[in-house]
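Q: next input, structure requested:
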Amino acid sequence: MEGRPKNVIYASALGTIGGIVAIASMVNGFEGNIDNIFWGVGLGLLIAVLFFAGAGYLYSNGKGNYPSLLAITGINAVAIIAGLAVQTISVPFGIAMIVILVIFLFLISGNRTETWMETDRV
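A: Below is the predicted model of the structure:
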């Protein structure tokens, strides 16, 4: 069995960077004097966890399959858009996370990633 393809390595690194950007966005948008901090903190942590989960799916001997990786990425896109809609994420951070997610999707799309995940999880 061959090692991880380069696109998978780059996507995994990009997912980790996306998680760090999501945490920075949450800290940047935190306001201590608001009544309900769920949207500010909860949504920011959800986005960070989904980025880290996507990166974790792309490690050797990881758990999960290709359709679930795509589902996690789709849920993350919805969470980022919801964060922008309820204004818990600033627009520059939102654009940065969307760009990271689009590049992540571009890197994981294709038969090579799916084939590698299937052979690695045996």
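Q: would you map the helices across this protein?
A: Along the chain, counting by DSSP state H, helices occupy 6-29, 43-57, 66-85, 91-108, 111-120.
Q: out of these, deepest packed?
A: Ranked by mean neighbour count, these are led by helix 43-57 with a mean of 21 (mean count of other C-beta atoms under 10 Å). C-betas here are computed from N, CA, C, even on glycine.
Q: could you give the separation of that one from the chain centroid?
A: Offset of helix 43-57 from its chain centre (C-alpha atoms, centre = their mean, to the nearest Å): 5 Å.
Q: tell me how many other residues crowd R121.
A: Here the neighbour count serves as a burial measure; for R121 (other C-beta atoms under 10 Å) it reads 13.
Q: hmm, back to that, let's have the helices of the chain in CSV, adding distance to I37 and mean pLDDT.
A: Compiled in CSV, the helices of the chain are given as follows (distance: least, C-beta to C-beta, whole Å; pLDDT from 0 to 100):
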stretch, distance to I37, mean pLDDT
helix 6-29, 10, 93
helix 43-57, 10, 94
helix 66-85, 14, 94
helix 91-108, 17, 95
helix 111-120, 37, 87
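Q: contacting residues for the residue nearest to S68 when sequence neighbours are not counted?
A: By the measure of C-beta to C-beta, 6 or more residues apart in numbering, the closest residue to S68 outside its immediate chain neighbours is Y57, 7.5 Å from it. Contacts for Y57 (C-beta atoms under 8 Å, 6 or more residues apart in numbering) come out as K63, G64, S68, L69, I72, M117.
Q: go again with 10 Å.
A: 8, 11-12, 15, 63-66, 68-70, 72-73, 108, 113, 117 (C-beta atoms under 10 Å, 6 or more residues apart in numbering).
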